[in-house]
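Student: after the sequence you'll find the predicted model.
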Amino acid sequence: MIKPIFVWIKSVKFSANLPTANCEFISSNCLINAITSAEIARICPVNYGLAQMVISHDHQGNTVVCAIKPISTKCTEQQYRQMVSFVHEYNEGLVGRFLRLLSFVTIHELQPFIDFILNKEEILKLFMRSEASFKHHHCYKGGLFEHSIEVAEMTYQNAKYLGHSDVECQTGLIAALFHDIGKIYPALHMNSDKYIAGPHESYTFALLAKPLGQLGTLNSRIFSMLSELLAAKPYGHKTRYAIEHVLKQADRSSAESNFTKTQFKELPSHYYFTKVNGNVMYRLNSL
């Protein structure tokens, strides 16, 4: 099965004499020329910008575009290239997934968060390159970004599936995407790129002070929900919003899944259990 990839389309030009079109796009910071059918090219409403694309190769080795799905973004080509350079050692596809998530946010009151993360280069760079934890889950370069995207995708998709309103789905997405961004706060102010433990929920409010302030003046109810989702929860905390359960489950699923994969990473594929801190952990691979 061919998996879709994220690319930046430079141009789509129709052939004068054939039912085909030429598509020029950037992938892995390389400029690629491909061919596609005129029908696929006509269905695509844009000929420049971010897109999700399915490609294959013909018998002559030519790159063939099988499907194009444009993604609306405030990101420029220069910003896209820069973000890819931030994560090139880890996973370029995360940049496309990140920008696709941002495209789901259409509520006006939440737009300050989109502008904030796209226009704060130093914060964005650390967010994309930092670890999510010291020794538990996603404890490698780029792990924080990967974890944040996983939690945001699951929160948004599950909330949509469960029939939550658009405002709850989008607020949950923003909360999930930035729920751990406070983890970069010490490194940001100590001019370091190493993970430093601390009260990251409090740091998150410090980092997001400007967009949160803007949200507070635009819509106090969304502000209250988002603040509740981002805040540290004391023992005995009683949940007021159902979307919080969705976010919590997504956070736990991402963390525990990654932790399990990490424990088996250096083991042969036929190993189906291992011991971690005296506890036995199991997995099932293809039979």
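Tutor: Perfect, thanks for sending it. Numbering: from 1, shown residues only.
Student: what about the strands in the chain?
Tutor: Using DSSP state E, the strands of the chain run over 5-14, 20-27, 30-37, 49-57, 63-70, 273-276, 279-282.
Student: could you list the buried residues of the fourth one?
Tutor: Within strand 49-57, the residues scored as buried using 16 or more other CB atoms under 10 Å are 49, 50, 51, 52, 53, 55. For glycine as for every other residue, the C-beta is placed from the backbone atoms N, C-alpha and C.
Student: do I have it right that the third one meets residue 9?
Tutor: Yes - with contact defined as CB atoms under 8 Å, residue 51 reaches residue 9; the gap is 5.2 Å.
Student: between the two, which contacts overlap?
Tutor: 25, 68, 70 (CB atoms under 8 Å, 6 or more residues apart in numbering).
Student: rewinding a little: distance to residue 235 added to the strands of the chain, as CSV?
Tutor: Shown next, in CSV, are those (distance: least, CB to CB, whole Å):
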stretch, distance to residue 235
strand 5-14, 42
strand 20-27, 48
strand 30-37, 52
strand 49-57, 43
strand 63-70, 45
strand 273-276, 26
strand 279-282, 24
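Student: ok, which of these comes nearest residue 217?
Tutor: Proximity to residue 217 (CB to CB) singles out strand 49-57 among these, at 30.6 Å.
Student: could you list every helix and strand in contact with the closest one?
Tutor: If you count contacts as 3 or more CB pairs under 8 Å, 6 or more residues apart in numbering; DSSP states H and E, strand 49-57 packs onto strand 5-14, strand 63-70, helix 93-103.
Student: relative to helix 93-103, how tilted is the second one?
Tutor: Counting by axes from the mean of the first three to the mean of the last three CA atoms, to 10 degrees, strand 63-70 lies at 30 degrees to helix 93-103.
Student: angle of strand 63-70 against strand 49-57?
Tutor: When the same axes, to 10 degrees is applied, the directions of strand 63-70 and strand 49-57 differ by 150 degrees.
Student: could you tell me how many residues sit around residue 83?
Tutor: By the criterion of other CB atoms under 10 Å, residue 83 has 23 neighbours.
Student: and residue 159, what does it touch?
Tutor: Residue 159 makes contacts with 168, 169, 172, 243, 246, as judged by CB under 8 Å, 6+ apart.
Student: what about the fourth one, how many neighbours?
Tutor: The reference is to residue 243. Other residues lying near residue 243 total 26 when counted by other CB under 10 Å.
Student: check contacts around it.
Tutor: 155, 159, 164, 168, 169, 171, 172, 225, 229.
Student: what's the closest non-adjacent residue to the fifth one?
Tutor: Pointing back at residue 169 there. Distance criterion CB to CB, 6 or more residues apart in numbering; nearest residue to residue 169, sequence neighbours excluded, is residue 159 at 4.4 Å.
Student: now residue 225: how far from residue 199?
Tutor: Distance of residue 225 to residue 199, computed by CB to CB, to the nearest Å: 22 Å.
Student: those two: which is more packed in?
Tutor: Higher neighbour count among residue 225 and residue 199: residue 225, with 20 against 10, using other CB under 10 Å.
Student: pick the most buried one from the helices and strands packed on strand 49-57.
Tutor: helix 93-103 (a mean of 21; mean count of other CB atoms under 10 Å).
Student: need the contact partners of that one.
Tutor: The contact list for helix 93-103, computed with CB under 8 Å, 6+ apart, reads 5-6, 50, 52, 71-75, 80, 83-84, 87, 114, 117-118, 128, 142, 145-146, 149, 152-153, 156, 173, 177.
Student: now list the buried members of these.
Tutor: Using 16+ other CB under 10 Å as the burial test, the contacts of helix 93-103 include 5-6, 50, 52, 71, 73, 75, 80, 83-84, 87, 114, 117-118, 128, 142, 145-146, 149, 152-153, 156, 173, 177 as buried.
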